[in-house]
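Sequence plus the predicted model coming up.
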Amino acid sequence: AQSVAQPEDQVNVAEGNPLTVKCTYSVSGNPYLFWYVQYPNRGLQFLLKYITGDNLVKGSYGFEAEFNKSQTSFHLKKPSALVSDSALYFCAVRETGGYNKLIFGAGTRLAVHP
Amino acid sequence: DTAVSQTPKYLVTQMGNDKSIKCEQNLGHDTMYWYKQDSKKFLKIMFSYNNKELIINETVPNRFSPKSPDKAHLNLHINSLELGDSAVYFCASSQIAGGVGNEQFFGPGTRLTVL
């Protein structure tokens, strides 16, 4: 069965420092991977996705993610964190099949300190 | 223009009542979803409709009944509400036909509190 793991409940970063939010996945077949962000009391916003092609995917708000097939990882990164990046981040994998069903990780809370 | 909208935003009700949440998308997508986010922020899919046809039906109590009058609308009706139904419910939409791996667009959520 497909699954997604986000091993860190919370990541703390100082503003201006690089950030990484980790995600590993388990899927049969080719993975379709997504990152979403949720600000307090808001819905999820799409950040970026990996379907095929370059392993480094660039997305919204300066975020990028690196797909690593051998390590089955899809870590979210940003070179320089902003306080406004503080939010809940979800990694998701599309379940194999035709219905675009997403399996979400448990979420990682990112706290960026001034 | 709001892409995916939900009403109401907040819903407070007594145990045993019946309530509905409405969702509309103006993105022209062919598929809509309902998710439940619990108090620990864990997000799980409940249902999905593609062109008004139910395509995903997870293990959800049959007190929950989705209805899709057309592909732009997906409503969620909940009978005999229980304390454990308290959560945030998100509607989402995406386009399946003509593409693979298309992202889902989420509504703002409906916070349901059962007293």
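Sure thing, it's come through.

The residue nearest to residue B:7 when sequence neighbours are not counted: neighbour count?
Leaving aside its sequence neighbours, residue B:7 sits nearest to residue B:22 (C-beta to C-beta, 6 or more residues apart in numbering or on different chains; 5.0 Å). Yep, even glycine has a C-beta here, placed from its N, CA and C like the rest. Counted with other C-beta atoms under 10 Å in any protein chain shown, residues neighbouring residue B:22 total 16.

Residue B:22 against residue B:11, yeah?
No: taking contacts as C-beta atoms under 8 Å, residue B:22 lies outside contact range of residue B:11: 11.0 Å.

tally of neighbours for residue A:92?
25.

Go ahead and confirm it touches residue A:105.
Yes: applying C-beta under 8 Å as the test, residue A:92 and residue A:105 come out as touching, 6.9 Å apart.

Between these two, which contacts overlap?
Listed as contacting both residue A:92 and residue A:105 by C-beta atoms under 8 Å, 6 or more residues apart in numbering or on different chains are residue A:4.

can you give me the strands for chain B?
All strands of chain B, identified by DSSP state E, fall at B:4-7, B:10-13, B:19-25, B:31-37, B:43-50, B:53-57, B:64-70, B:73-78, B:87-94, B:105-106, B:110-114.

Can you list the strands that the second one pairs with?
The sheet places strand B:10-13 alongside strand B:110-114 (parallel), with pairing taken from DSSP bridges.

avg pLDDT for the strand it pairs with?
The average pLDDT within strand B:110-114 is 97.

Contacts for it, please.
Contacts for strand B:110-114 (C-beta under 8 Å, 6+ apart): B:6-15, B:19, B:21, B:78, B:81-90.

Ok, stretch A:44-56 next?
Contacts to stretch A:44-56, defined as C-beta under 8 Å, 6+ apart, come from residues A:30-39, A:57-61, A:63-69, A:74, A:76, A:89-90, B:43, B:90, B:92, B:100-101, B:103-106.
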